[in-house]
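1. Let's see this in three dimensions:
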Amino acid sequence: MSHRLGTLRDKVVVITGAGSGMGREIARQAAEEGAMLAVSDWDADGLGETVEIVKELGAEVRSDVVDVSDRDAMAQWAVDVVGQFGRVNLVVNNAGVSISGDFETMTYDELDWIVGVNFHGVVNGTKEFLPHLIASGDGAIVNISSLFGLVSMPGQSAYNATKYAVRGFTEALREEMLINGHRVSVTCVHPGGIRTGIARNGRTTAGEDHDRLAHVFDTRLARMPASKAASIILKGARAGRARVLVGADAHVIHHFAKLAGSRYQDVVARLAPRVKG
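-> This next block holds a predicted model:
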């Protein structure tokens, strides 16, 4: 039986990528529930705005500008957070980036960049905070994968790879926590199209029209407000659920892919030119 975190009141909540989007909303809602916060982002300005929001709600907050792909920086951040608060109860590895474009035009540097943030960032956050979550006796870890960690899409090969990796890593970690009897729940989150800046702030491979791709995501795919997504994620975290699908699109596409089996790839390949156009 998985551990349940329950209330966030007086819990110490750590959130990466808290300078905007879902990370900011998770921080805001955790503050409303009475949590103490340790937030990070690579964007100092965005992070500062989040800090002001949660301070207005009366939360005690620590903020640090951290690149999640920098292992040494993440290790130091964990030491500093525990030094200030004395414990950690919930870690949300939310920071993520995107790159769109066909694999044949992608460079190794572009691939290394997205793997560093989306996968190594999750691994670093988990590795550095996990001992403290275990020591708390009342811990939870939430790793943000994607709908694209359940099904693959053309033009998203590297993003798919990182989000599938997060899924596999997180599911195995959950099994290990159960086997070893640690009171740490582990939840893998698969959001569909959420209204965040991930596409607008993302990268594109050579020859792709960044603004057009971002516009398609913002107008056609991003249906759910980040605040609603954050509420669903925190509900799943408190309950200690293994998997959380966020958005009707995530549910529909995931179940379609399960029913279609590998043939879903042929359907997607036929429909994708219409979506990309």
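2. Next one: Glu175 from Gly236, what distance?
-> Computed as Cβ to Cβ, to the nearest Å, the Glu175 to Gly236 distance reads 18 Å. Glycine gets a C-beta too; all of them are placed from N, C-alpha and C.
3. Check Glu33 too.
-> Applying Cβ to Cβ, the value for Glu33 to Gly236 is 14 Å.
4. who has more neighbours, the two?
-> Gly236 (21 against 17; other Cβ atoms under 10 Å).
5. before we move on, what SS does the closest residue to that one other than its chain neighbours have?
-> The shortest distance from Gly236 to any residue other than its chain neighbours is 3.6 Å, reached at Val244 (Cβ to Cβ, 6 or more residues apart in numbering). Secondary structure for Val244, judged by DSSP: H, G, I helix; E, B strand; the rest coil, is strand.
6. same thing with Val14?
-> For Val14, the assignment made with three-state DSSP gives strand.
7. State whether it and Ala95 are indeed in contact, as I suppose.
-> No - using Cβ atoms under 8 Å, Val14 makes no contact with Ala95, being 11.4 Å away.
8. Looking at the two, which one has more neighbours?
-> It is Val14, of Val14 and Ala95, that has more neighbours when counted by other Cβ under 10 Å, with 29 against 24.
9. Identify the bridge partners of the more buried one.
-> Beta-bridge pairing for Val14 (DSSP bridges): Ala38, Val91.
10. How about the contacts made by Ser185?
-> By Cβ atoms under 8 Å, 6 or more residues apart in numbering, the contact set of Ser185 is Ser2, His3, Arg4, Leu5, Gly139, Ala140, Ile141, Arg174, Met177, Ala237, Gly240, Arg241.
11. Confirm that it sits in a strand.
-> Yes - under three-state DSSP, Ser185 sits within a strand.
12. Please give me every residue in contact with Arg174.
-> Arg174 is in contact with Ser2, Ser185, Val186, Thr187, Cys188, Ala242, counting by Cβ under 8 Å, 6+ apart.
13. at 7 Å instead, please
-> Val186, Ala242 (Cβ atoms under 7 Å, 6 or more residues apart in numbering).
14. helix, strand or coil for it?
-> The three-state assignment at Arg174 reads helix, by three-state DSSP.
15. Which pLDDT value goes with it?
-> Here the pLDDT value assigned to Arg174 is 98.
16. From Ser227, how far out is it?
-> As judged by Cβ to Cβ, Arg174 and Ser227 stand 27 Å apart.
17. Also His251?
-> Distance of His251 to Ser227, computed by Cβ to Cβ: 19 Å.
18. now swap in Ser98 and tell me
-> Distance from Ser98 to Ser227, by Cβ to Cβ: 21 Å.
19. neighbour-wise, which of those two wins?
-> Counted by other Cβ under 10 Å, Ser98 and Ser227 do not tie: Ser98 has more neighbours, with 23 against 15.
20. Just the strands from the stretch 101-250 of the chain, written as ranges.
-> For the stretch 101-250 of the chain, the strands defined by DSSP state E, counting those that start in this stretch cover 139-144, 184-191, 194-195, 203-204, 224-225, 243-246.
21. which stretch among these comes nearest Asn160?
-> Ranking the strands of the stretch 101-250 of the chain by proximity to Asn160 (Cβ to Cβ) places strand 184-191 first, at 12.2 Å.
22. Thanks a lot, see you next time.
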